[in-house]
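Trainee: pasting the sequence and the predicted coordinates here, then a few questions.
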Amino acid sequence: MASAKRGRLVYKLLIILLFASLGPLSVGGYYMLSQSRDVLLKYALADQEALAIGFSNTIYNYLRSFLYSVRDTALLNELQGGDPIQQKAILDRNVNVNSLFVDMFVVNSAGQETAYASRFPREDKNRSFADDPVFRLTMERGEYIGEPFYLKGRPVVMMATRIVSPDTGRVSGMLAVRLSLIGLKTLLKNGFPESSGSEAGVVSPEGLLVASSQDQTGLQVPRPSREVQNALLSSSDKSGHSVIKLKNGESALLAFSELRMLRWIFYIQKPMSVINGAADELLASTTKALAIVLVFALFLGYAMNSVILSPIQQLREAVIKVGEGDFDGLPDLVMPNDEIGELAHSFAEMNDSLRIKTAEVISAKEELEALNRSLESRVEARTRELRVALDELIKKERLAAVGQMASVVGHEIRNPLAVINNSVYFIKTKLGNAGVEDPKITKHIGIIETEIQQANGIINEILGFTRTRELMLKPNRVNAELEDVLGTYPFPPHITVRKQFAPQDPWVHTDLDEMRQALRNVIGNAVEVMPNQGTLQVRTSVENGKTVRIDIADSGPGIPKDVIENIFAPFFTTKARGTGLGLAVVKKVVDRHKGRIEVFSEQGKGTMFSIYLHMAPPPENA
């Protein structure tokens, strides 16, 4: 009788196990397969559009950087003086330094060209721009970026800015440049290599293909495919996405975004086969999972036939040990509520009395020991808290004193530094006007200027570390912040910069000025440890959907273990010159943003700083 009941119990458990394991997986797999293609397509289109918007901002900032360079040139006194010889010398120098400048020219306030520099010979000279829309719009708006066009088979764009005296505000004319857009092709190739399967490009309002991540050969004036061109030029939205049908019959995902304040359009095209391949992989994975679960369930059901007898064997061993008086060596009894329950109940009634008394004694002893451990732990924790609080108070008092002293000393030192700097500028001006060119004098003047900058830098570091202002937190994109910092940092030519940014370009709440200063300090340290040659790697990633990680790694000599523990301490430095506040400022900024910073270093291979910040939701107008 007992054997029959035991057999029925095994079969029941086997059936329940099969339903519990295969049922949800089968239903869920069927639902996922039916929804996967539409969901994957929806998210792929949304991601492509977000990527298009982000990269269009990158291209806009790339163009603006050249306009800023032209604007800085327009502020030079030699350019505003009106001397055509001095103006041409400045233009020649700019064209020679910047390989993307096709030509530059200066136009006076009357619209007459006064100076010109170019990479190509010219036929017309002293052109008049009085009726030219470029001159009129530049003088009205202050700056101008025109529509792209092709010159000698290469895409170019006209940029211009007013020549305004910073002292009097007088407008003396216009400085214009024709910029080659070949650099955009390199930017697109780096962002969308052929291995990614995507194609990216920039299209003018007239449908000209300004730049593309794919090689365009045999076309004097390239244009995107007719399908892409129709989809872009027929839309009135600033950004969007769609599925288009290509000439070869295949479908592709298309996302686009209009460049800010320009009418140029950036687009990304990805084959539809990528989405279909992901859905096919999901089908194969689900089928494999069902097969594995089925085999495992059958094996487990077979094994349960022998495992079901284990509680009876445990009960028998427990009875023997109790009969011998061994209460401490009893096995753990796992008794199910079935045919074995009556035997377990009888044994429990016999053993309850002795077990309860023993348990009470043991419980009292454990409570006393737990109370002692709790008291000891509280005393130790309180002592540690007081020690940490005391150390923090001493540190704050010292920093306050240093800050007060630095403010006074900085004021007293900066005044003579300013006088010295003005005097050096006056000497350089006098020597230049007199036509004196002495290498020794030039060398020593350079040394004086370098030392003035070094002294000012030390004062700024100390004042910046000791002063604390209220954080101005705003939502910012991590990738955009890093692009701005990397784009404005003066990297030496021997440094190779490699970027690997998170495709979703996450948002964080940061004080832009403080966080940029922290990033510059970390990058500056990395550049300093690579004086001859090296690679700087900058990466961003998202961890657990909540944390944004920024990695800045160098290929320098690494940091010794006995030094790495103190690198964030104020005034700690291993350099011959410096305040030791660079990384201390970084640690302070990260702590104020409720983040954390870690450092990983291996001597002979390099160092990596990892900054972790809380990810923020995108703003409503993003």
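Mentor: Received the coordinates, thanks. None of the values given here were measured: they were computed from a predicted structure. Numbering: from 1, shown residues only.
Trainee: now do Ile564 against Lys42, distance only.
Mentor: 47 Å (C-beta to C-beta, to the nearest Å). Using the backbone N, CA and C atoms, a C-beta is placed for each residue, glycine as well.
Trainee: how many residues are close by Glu113?
Mentor: Neighbour count for Glu113, taken as other C-beta atoms under 10 Å: 20.
Trainee: how about it, secondary structure?
Mentor: Classification of Glu113 using DSSP: H, G, I helix; E, B strand; the rest coil returns strand.
Trainee: tell me what it is bridged to.
Mentor: The bridge-partner assignment for Glu113, based on DSSP bridges, gives Val107.
Trainee: hang on, the earlier thing: for Ile564 and Lys42, indicate the residue with more neighbours.
Mentor: Ile564 (14 against 11).
Trainee: tell me the spacing between the more buried one and Ile85.
Mentor: Ile564 sits 57 Å away from Ile85, taking C-beta to C-beta as the criterion.
Trainee: how about Arg122?
Mentor: To Ile85, Arg122 is 18 Å away according to C-beta to C-beta.
Trainee: more neighbours, the two?
Mentor: Looking at Arg122 and Ile85 with other C-beta under 10 Å, you find the greater number of neighbours at Arg122, namely 11 against 8.
Trainee: next up, the contacts around the more buried one.
Mentor: Counting by C-beta atoms under 8 Å, 6 or more residues apart in numbering, Arg122 makes contact with Asp103, Tyr116.
Trainee: CA atoms only: put the helix or strand in which Leu187 is found into PDB for me.
Mentor: When secondary structure is defined using DSSP states H and E, the element that contains Leu187 is helix 182-191. What follows is the C-alpha trace of helix 182-191 in PDB, where atoms were taken according to Å, rounded to 0.1, in the frame of the first residue of the first chain:
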ATOM      1  CA  ILE A 182      37.000  67.000 -46.300                       C
ATOM      2  CA  GLY A 183      37.400  66.700 -42.500                       C
ATOM      3  CA  LEU A 184      33.700  65.800 -42.200                       C
ATOM      4  CA  LYS A 185      34.300  62.600 -44.200                       C
ATOM      5  CA  THR A 186      37.000  61.500 -41.700                       C
ATOM      6  CA  LEU A 187      34.600  62.300 -38.800                       C
ATOM      7  CA  LEU A 188      31.900  60.200 -40.300                       C
ATOM      8  CA  LYS A 189      34.300  57.300 -41.100                       C
ATOM      9  CA  ASN A 190      35.500  57.200 -37.500                       C
ATOM     10  CA  GLY A 191      31.900  57.300 -36.100                       C
END
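Trainee: give me the angle between whichever helix or strand comes after it and helix 182-191.
Mentor: Counting by DSSP H and E, the next helix or strand C-terminal to helix 182-191 is strand 199-203. Note on geometry: by axes from the mean of the first three to the mean of the last three C-alpha atoms, to 10 degrees, strand 199-203 and helix 182-191 are set 150 degrees apart in direction.
Trainee: show me what strand 199-203 is packed up against.
Mentor: Taking 3 or more C-beta pairs under 8 Å, 6 or more residues apart in numbering; DSSP states H and E as the contact definition, the neighbouring helices and strands of strand 199-203 are helix 182-191, strand 209-212, helix 226-233, strand 265-271.
Trainee: let's go with 7 Å and repeat that
Mentor: Secondary-structure packing of strand 199-203 (3 or more C-beta pairs under 7 Å, 6 or more residues apart in numbering; DSSP states H and E): helix 182-191, strand 209-212, strand 265-271.
Trainee: which secondary structure element is home to Tyr62?
Mentor: Using DSSP H and E, Tyr62 sits in helix 2-74.
Trainee: now the element after that helix, going C-ward?
Mentor: Moving toward the C-terminus from helix 2-74, the first helix or strand encountered (DSSP H and E) is helix 77-80.
Trainee: for that following helix, which outside residues touch it?
Mentor: Outside of helix 77-80, the residues that reach it under the criterion C-beta atoms under 7 Å, 6 or more residues apart in numbering are Thr73, Gln86, Gln87, Ile90, Val106, Ile163, Ser165, Ser172, Leu175.
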